[in-house]
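S.K.: With the input below, show me the fold.
(one chain, ligands or ions: 1)
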Amino acid sequence: MARAALALSLLALLAGPAQVRSQAAAPLIVGAVTAVPGRSASGYIEVPAGVDSGTRIPVTVVHGARSGPVLALIAGTHGAEVQAVLALQRVRRELDPARLSGAVVLVHVANPPSFYGRTVYYSPVDGKNLNRVYPGRADGTVSERIAWAITREVIEKADYLVDLHAGDGNESLRPYAYWTPLGRDARVDSLQREMILAFGHDLIVVDTTRPRDFASSVYTTNTALLLGKPAITTENGYLGEPAEAMIRRNVDGVFGLMRWLRMWPGEARLPRSATYLRRFEVLRSPLTGTWLPAVERGQAVAAGALIGHLTDVFGDGRTEVRAPFAGQVLYVVATPPMSRGEPLAMLGAER
Ligand SMILES: [Zn+2]
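M.R.: Numbers count the residues shown, from 1 in each chain. From the prediction side, this is the model:
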């Protein structure tokens, strides 16, 4: 027993950035799913009915035969962002617990009402954006209860977290990631940046404006960061399409990150250089009507360049939307329905 404990602590020293959980031999329990070391299990986190209808969140827990950190991977926070959902199905097939150090919690679809209801941004049940209601409420509406359940069952049990997003069902997006240093814990801020690189991203939006108050953490990853757990938001995919290259980017990103965390055999390969976008802006619609974009995802634009134009629902009038600064199009809404205040496009620039 003592020798086994010594071997485990030596492994811990070799594990680089990874934290090693002391209760490595104990089963990992997430919702109704229990996985003992060396095994995988799938099932659900139940979100009971409350002020509105309930749901259940599909999860897989892969518990490695060897000790190591707990990595949480969350797909489907926005229901039309399907590329990560499909990617985690492949990760589930490929993740052999015999080869894994630590554990991986796969949240296959964080937001089932939005996924099955085919909605963009908002839940069809309560009209809320799941990635704006963290850390959630046990007695709230369904999006708030989902956030509460994920905070308790997934975020609190993880050491590292990735929230895997894409352009939503209406958004044509080129891959990028968010680095959101809070300036409270240099270790967490630094690990967060390195996780983004290990996931394979070389275009990084730097957002230092995220809330510092846990009670209004707002975002999935910000909830983890405020608990001292390095966490990143990735963006790979667009328009609700199961594009193979985007599914592959998500799968490769997960395994690259697991190698860097020393959870999976093989060398981590980080991009040689990265571009940091410290200036960014989501352009929003001044009116309700129809939108026709004039740019593509990833396109470089000059200051004042035409991004697209709006008309009223009859096709009359022409309101042009122009780039407020020179940069590149991270995403552009590529479908016509447009409501006042909703995003049209996101631009980023290094300065
Ligand atoms: Zn999203």
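
S.K.: neighbouring contacts of stretch 118-126?
M.R.: Outside of stretch 118-126, the residues that reach it under the criterion C-beta atoms under 8 Å, 6 or more residues apart in numbering are 52-53, 78-80, 111, 113-114, 117, 128-130, 141-144, 168-170, 342. C-betas here are computed from N, CA, C, even on glycine.

S.K.: interface residues of the chain facing the ion?
M.R.: Counting by C-beta under 5 Å from the ion, the residues of the chain lying close to the ion are 78, 81, 165.

S.K.: and the second one, how many neighbours?
M.R.: Right, residue 81. Taking other C-beta atoms under 10 Å as the neighbour definition, residue 81 ends up with a count of 29.

S.K.: ditto for residue 133
M.R.: The number of residues packed near residue 133 is 24, by other C-beta under 10 Å.

S.K.: Can you give me every residue that contacts it?
M.R.: Under the contact definition (C-beta under 8 Å, 6+ apart), the residues listed for residue 133 are 140, 143, 144, 147, 218.

S.K.: ok, now residue 340?
M.R.: Taking C-beta under 8 Å, 6+ apart, we find residue 340 in contact with 285, 286, 287, 288.

S.K.: now those in a markdown table, with neighbour count and pLDDT?
M.R.: Formatted as a markdown table, the entries for these read as follows, by neighbours: other C-beta atoms under 10 Å; pLDDT from 0 to 100:
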| residue | neighbour count | pLDDT |
| --- | --- | --- |
| 285 | 19 | 98 |
| 286 | 13 | 98 |
| 287 | 16 | 97 |
| 288 | 14 | 98 |
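
S.K.: Need the max-distance pair from those.
M.R.: Distances among the contacts of residue 340 were taken as C-beta to C-beta; the most separated pair is 286 and 288, at 9.4 Å.

S.K.: one step back: JSON lines for the contacts of residue 133, including distance to residue 295 and neighbour count?
M.R.: Shown next, in JSON lines, are the contacts of residue 133 (distance: C-beta to C-beta, whole Å; neighbours: other C-beta atoms under 10 Å):
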{"residue": "140", "distance to residue 295": "38", "neighbour count": "18"}
{"residue": "143", "distance to residue 295": "32", "neighbour count": "28"}
{"residue": "144", "distance to residue 295": "36", "neighbour count": "22"}
{"residue": "147", "distance to residue 295": "34", "neighbour count": "30"}
{"residue": "218", "distance to residue 295": "29", "neighbour count": "17"}
